[in-house]
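1. following is a predicted model, sequence given first.
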Amino acid sequence: MRILKRIAAVRTAEPILPDVSKVDDRGKPRARIGFALGQKFETVDWQDEAGIYPFTRMDVFDARSAAIHVDTDLTYIYTPGELSRFPLVRRGIDSVRALAEAEIRTVSTQANPFTVQFDRKSRIYTKIENLGASTQLAELRELSKVTQEEEAEAPSLRTQIEALKSSTPRAHLTLAEGDRQFLDRAFRLVKVMSGFDPAEYAAALADFTAASLRYEQATKSSFAGVSIPRILEDEWRRFIQAGEDYLQAIAAEDAYPTTKELCIYCQQPLGLAAVELIRKYRDYCKNELRAAVTSADSKIAALTAPIAGLEIDAVIKNSGDYIKAKSQNGSVPPLLALADLLPKVAALKEALANREAYSWPGLKDEVVLAKHEIEGEAQTTKQLIADLTIQSSNRDQTLKDREAKLLDISSRLRLRDLLPQIEEYVGRAQWVDKAKNHAKRFQGILRTLTDTSKVASEKLLNQDFEHRFQAECELLRAPTVKLEFPGREGQVTRHKALAANHRLSDILSEGEQKVIALADFLAELGLKQPLAPVVFDDPITSLDYKRTAEIAERIVALSETRQIIVFTHNILFTVDLLSRVEKQKERYVYYDIKRDGDLRGILSQGTHPRDDSFNSLRGTINTLIQAAEKESGAAQAALIAAGYESLRAICEVIVEKELLQGVTERYSPMVRVTMLPKIRFDRLEGAVGPIMDVYDRCSRSIRSHSQPLETLNVQPTVADIKKDWQTVEQARNVYLGNKGRT
């Protein structure tokens, strides 16, 4: 069944499994299938393919398909040519939409490849950057038109631009700016020097030296006899001053310390000696002599600070470079007074830093002379800068004009070269713009298609199917269900229901579901042309015997117009089917499927589930008697016993088929009363007696029948079985009126 379903590609096709009991059996299923199509016999080597013509024309009904036919919204396996175009049209629309959407995505996500080809400063760049569906190609075409004169001018413009760049006065202007900056620094230096008074510095230095000496002598006198390591040295001074700063921070009184107070530093009681020493420390920090030293020191710092901030080394270096640059071509070196002044300023700065005396009697005159030189050079440099600025501006403007013109011509030439590609790019963008507008219409088109398919399917298919379905339901006594035909996405579908929001399987019994499914299957089958084989796999599962007979009758009726294949393990159903066609034996073929050990699916042709016909059994008995005649002992006894088994069976067949004319038969659910007139009552008694005698002896001679102990060792001979067989044949012939053996 699985193979048939797979090669027919039906809805419920299942995979073909290997021999799962063998771990290494994982080969692909295969079979050689023979079939007749009309008068032509053909074979197909099947390699697990799903759907092989002409088997795809077959239909299969089984338990799996029953569930689908009951609860699922099904499309029709067969659809008239007019309706089959709707799914094709939908697939066409979907394909067009998919292609359009793919092209839209491709073009929409494509980066503009032309922006890198143009300078941002060109007037064309903005137009290129914004290329799209709204781009005016006519404007770009106009811009791409470059005259021969413009094209010829481009090399000349490049030459002019290079010349303007190489001969620009900007380099000279840069040098002049550097000179101006140097002269400004030099002027600031002489201005500082003009404000310095050597005599005032000498007086302040003398005051500082005298105050320091007085303070030192007083301090040594105050601390004479005090044994403190490194007293009056810098570290000691910083330590004592830090203590006083701490006392000021905590607002200690000037009377601190006294013997009644604790040490503010170590919080220990203070003795007289400690109090006296701390007071000396405080006096040292508050001493007027020390204040005089501090005041003199501050004055010196104020006088020397401007000179201390001078960058003498840089000015000396810059002045040397300046003098060297200006002394070319035998000209008189400039700034000679400044050159003489600078070393002395450097020496003065060093002396002031060390608080040393420095004598410079002609300072004022030398500073005035240097200042005069610097002012003259500064005026000359200022005029030079003004002149160079004008020249540079003119050249820059000329260079800018030439560069702008060259950029414009070059951009338009580049545009001319790229114009075909740009037009193609814009064309695609315009196509995408239109495609997006058309894409919005697809949903409406599909909705219209679905509505139209509903109308068409209602007229061409649903009404016909509904008529057939109701007819099949009546034949099979199926429950009345409501048929609905919801069209979706251009598809022709059908739906069955008894109540809203409930599936049929929620309401109906298994038997009712089976007949509804079978009615749906047969109704759909009736739509298909041309006629093709149909396979039923146990179609009566879950059905009562009355429905079994109705289904058997429907299958037999169906077999009048097409080939029917029925798989079943139900013997009564099989007998019912065969009994309905027994007078037309040319219309059917019966097969048994058996198992022999590990071998499964062994097919053998027969005529009945139990093939106990007189002719077949007669041949078996004759064969066993002939074999027994050639044997002896236990072998012969076994053959005779087997012969009596068959003889007993043939007695039953004669009674069932011939004496009683099949009025009651094994596996048949009905009594055929119409066969009673065919019984030959005048000969019946004469046939019953001999057959009963032989039947009793058969029962005593076979192992499957219980026997009295005293008869177990009484075994029949070959002559006995031959005689009993002859008795049965004669009784049958007399009853049938045969003159000879048949």
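-> Everything's here; your move. Numbering: from 1, shown residues only.

2. quick one, longest helix in this protein?
-> For the chain, the longest helix by residue count, based on DSSP state H, is helix 363-439.

3. chain center to that one: distance?
-> Centroid displacement of helix 363-439 relative to its chain, using C-alpha atoms, centre = their mean, to the nearest Å, is 51 Å.

4. and the helix or strand following that helix, what does it pack onto?
-> Using DSSP states H and E, the helix or strand that directly follows helix 363-439 along the chain is helix 442-457. Using 3 or more C-beta pairs under 8 Å, 6 or more residues apart in numbering; DSSP states H and E, the elements in contact with helix 442-457 are helix 81-108. Using the backbone N, CA and C atoms, a C-beta is placed for each residue, glycine as well.

5. give me the residues contacting the next helix or strand after the helix it packs on.
-> Scanning forward in sequence from helix 81-108 by DSSP H and E, the next helix or strand is helix 125-129. Applying C-beta atoms under 8 Å, 6 or more residues apart in numbering, the contact partners of helix 125-129 are 112, 114-115, 117-119, 135, 139-140, 143, 411, 415, 422.

6. pull out the buried positions in helix 125-129.
-> 125, 127-128 (16 or more other C-beta atoms under 10 Å).

7. and stretch 181-193, by the same measure?
-> Those would be 182-183, 185-190, 192-193, for stretch 181-193 by 16+ other C-beta under 10 Å.

8. just stretch 260-276 next, same as before
-> Here stretch 260-276 shows 270, 275 as buried, counting by 16+ other C-beta under 10 Å.

9. can you dump the C-alpha atoms of it in CSV for me?
-> Provided in CSV are the C-alpha atoms of stretch 260-276 (Å, rounded to 0.1, in the frame of the first residue of the first chain):
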residue,chain,number,x,y,z
LYS,A,260,49.2,75.4,82.2
GLU,A,261,48.6,74.2,78.6
LEU,A,262,49.4,71.1,76.7
CYS,A,263,51.7,71.0,73.8
ILE,A,264,49.6,71.8,70.7
TYR,A,265,51.7,69.3,68.7
CYS,A,266,52.1,66.3,71.0
GLN,A,267,49.4,67.0,73.6
GLN,A,268,51.9,66.4,76.5
PRO,A,269,52.3,68.8,79.5
LEU,A,270,54.8,71.6,78.9
GLY,A,271,57.6,72.4,81.3
LEU,A,272,59.3,75.8,81.7
ALA,A,273,62.1,74.9,79.4
ALA,A,274,59.7,73.7,76.7
VAL,A,275,57.6,76.8,77.1
GLU,A,276,60.6,79.0,76.7
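
10. need the pLDDT of residue 222.
-> Reported pLDDT at residue 222 in the predicted model: 66.

11. just give me the neighbour total for residue 345.
-> 25 (other C-beta atoms under 10 Å).

12. which residues touch it?
-> Here residue 345 is in contact with 189, 193, 307, 310, 312 (criterion: C-beta under 8 Å, 6+ apart).

13. and the gap between the closest residue to the last one other than its chain neighbours and residue 355?
-> I take that to be residue 312. Using C-beta to C-beta, 6 or more residues apart in numbering and skipping the chain neighbours, the partner closest in space to residue 312 is residue 346 (4.6 Å). As judged by C-beta to C-beta, to the nearest Å, residue 346 and residue 355 stand 17 Å apart.

14. hang on, the earlier thing: secondary structure element for the residue nearest to residue 312?
-> helix 336-353.

15. report the inter-axis angle for that helix versus helix 363-439.
-> Following axes from the mean of the first three to the mean of the last three C-alpha atoms, to 10 degrees, one obtains 90 degrees for the angle between helix 336-353 and helix 363-439.

16. quick one: mean pLDDT over helix 336-353.
-> 85.

17. CA atoms of it as CSV?
-> The C-alpha trace of helix 336-353 is given here as CSV (Å, rounded to 0.1, in the frame of the first residue of the first chain):
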residue,chain,number,x,y,z
LEU,A,336,73.9,95.3,15.5
ALA,A,337,73.0,97.2,18.7
LEU,A,338,70.5,94.4,19.6
ALA,A,339,73.2,91.8,18.9
ASP,A,340,75.5,93.6,21.4
LEU,A,341,72.7,94.0,23.9
LEU,A,342,71.5,90.5,24.1
PRO,A,343,74.6,88.8,25.7
LYS,A,344,74.6,91.4,28.4
VAL,A,345,70.9,90.9,29.0
ALA,A,346,71.6,87.1,29.4
ALA,A,347,74.4,87.8,31.9
LEU,A,348,72.1,90.2,33.8
LYS,A,349,69.3,87.6,34.0
GLU,A,350,71.7,85.1,35.4
ALA,A,351,73.1,87.5,38.0
LEU,A,352,69.6,88.6,39.1
ALA,A,353,68.6,84.9,39.4
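
18. centre of the chain versus it, how much separation?
-> So, by C-alpha atoms, centre = their mean, the centroid of helix 336-353 is 81 Å from its chain's centroid.

19. who are the contact partners of the closest residue to residue 364 other than its chain neighbours?
-> Excluding its sequence neighbours, the residue lying closest to residue 364 (C-beta to C-beta, 6+ apart) is residue 194, at 7.3 Å. Applying C-beta under 8 Å, 6+ apart, we find residue 194 in contact with 364, 367-368, 371.

20. list buried residues within the residues you listed.
-> Buried by 16+ other C-beta under 10 Å: 367, 371, out of those.

21. farthest-separated two in the contacts of residue 194?
-> The most widely separated members of these are 364 and 371, with 10.6 Å between them, by C-beta to C-beta.

22. a markdown table for the contacts of residue 194, including pLDDT?
-> Shown next, in a markdown table, are the contacts of residue 194 (pLDDT from 0 to 100):
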| residue | pLDDT |
| --- | --- |
| 364 | 86 |
| 367 | 86 |
| 368 | 87 |
| 371 | 87 |
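
23. give me the number of residues near residue 688?
-> Quick note: residue 688 (other C-beta under 10 Å) scores 15 neighbours.

24. and if you look at residue 22?
-> Using other C-beta under 10 Å, residue 22 has 8 neighbouring residues.

25. just the pLDDT at it, thanks.
-> pLDDT, residue 22: 71.

26. which SSE is it in?
-> Short version, using DSSP H and E: residue 22 is in no helix or strand.

27. from residue 598, how far off is it?
-> 10 Å.

28. got a list of what the closest residue to residue 185 other than its chain neighbours touches?
-> Of all residues not flanking residue 185 in the chain, residue 315 sits nearest, at 5.6 Å (C-beta to C-beta, 6+ apart). Residue 315 is in contact with 182, 185-186, 189, 342, counting by C-beta under 8 Å, 6+ apart.
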